[in-house]
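> Sequence plus predicted model, see below.
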Amino acid sequence: MCRHFEEDYGLQCRVARYHNVYGPLGTWTGGREKAPAAICRKVLEAKHSGKHEIEIWGDGKQTRSFMYIDDCVFGTRTIAESDILEPLNLGSNELVTINQLVDIAEDIAGVKLKRNYNLGAPKGVNGRNSDNTLILEKLGWEPSIRLREGLEKTYHWIESEMLKVGAVTV
């Protein structure tokens, strides 16, 4: 479609293919949230309730990469301001299992939880990661905010939101 707009109307287009964007101000409840927000919420609920259990969809071995919102914003602007006409992946290449994601959230929270695996829940594909070869080649840049750093900011933001609405108490 972009190619046709360029050919027919001279409209220049840029395409960024986003990979699992997360961070503060994102959806953290309701079923539409990304895994980092859902895991943070579940860890917070388990910690504040004293139950110290968490439900994980699937077996926890599925792999993903997650891009922090600040990298997404910078990358989007960089792509938009470039002369690159072909689609570029915009995502982190830091691959983790869902179990590793839970490990990080537990560490941030200072808790260790019993994991209950719901093998009947949607788990998505077994693995997904961003191939950053092209963005590195074309722009000399790729997302670099580590999952631990972004997840810690996200965790604390979600905790403040949960406290505001009474979803957890101190």
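That came in fine, so what should we check first?

> I'd say Glu149 and Asp70 touch.
No: contact between Glu149 and Asp70 fails when scored by C-beta atoms under 8 Å: they sit 9.7 Å apart. In this view, the C-beta of every residue, glycine as well, is placed from N, C-alpha and C.

> for the chain, what helix or strand is lowest in average pLDDT?
Across the helices and strands of the chain, mean pLDDT, DSSP states H and E gives its lowest value to helix 2-9, namely a mean of 88.

> top helix in this structure by residue count?
Among the segments of the chain that qualify as a helix by DSSP state H, the longest is helix 147-165.

> which strands and helices sit next to that helix?
In terms of contacts (3 or more C-beta pairs under 8 Å, 6 or more residues apart in numbering; DSSP states H and E), helix 147-165 is packed against strand 21-22, helix 35-49, strand 67-68, helix 98-109.

> now that helix, how far from the centre of its chain.
13 Å (C-alpha atoms, centre = their mean, to the nearest Å).

> Output that helix in CSV with nothing but the alpha carbons.
Only the C-alpha atoms of helix 147-165 are listed here, as CSV (Å, rounded to 0.1, in the frame of the first residue of the first chain):
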residue,chain,number,x,y,z
LEU,A,147,14.5,-5.8,30.0
ARG,A,148,15.4,-5.6,33.7
GLU,A,149,15.7,-1.8,33.6
GLY,A,150,12.4,-1.3,31.7
LEU,A,151,10.5,-3.9,33.7
GLU,A,152,11.6,-2.2,37.0
LYS,A,153,10.1,1.1,35.9
THR,A,154,7.0,-0.6,34.6
TYR,A,155,6.6,-2.6,37.8
HIS,A,156,6.7,0.5,40.0
TRP,A,157,4.3,2.4,37.8
ILE,A,158,1.8,-0.5,37.8
GLU,A,159,2.1,-0.7,41.6
SER,A,160,1.3,3.0,42.0
GLU,A,161,-1.7,2.6,39.7
MET,A,162,-2.9,-0.5,41.6
LEU,A,163,-2.6,1.4,44.9
LYS,A,164,-4.5,4.4,43.4
VAL,A,165,-7.5,2.2,42.4
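
> out of Glu149 and Asp70, which sits in the more crowded spot?
Neighbours per residue (other C-beta atoms under 10 Å) separate Glu149 from Asp70, with Asp70 holding more: 16 against 12.

> for stretch 163-170, the distance to its chain's centre please.
Worked out by C-alpha atoms, centre = their mean, stretch 163-170 lies 23 Å from the chain centre.

> Stretch 88-107 too?
So, by C-alpha atoms, centre = their mean, the centroid of stretch 88-107 is 8 Å from its chain's centroid.
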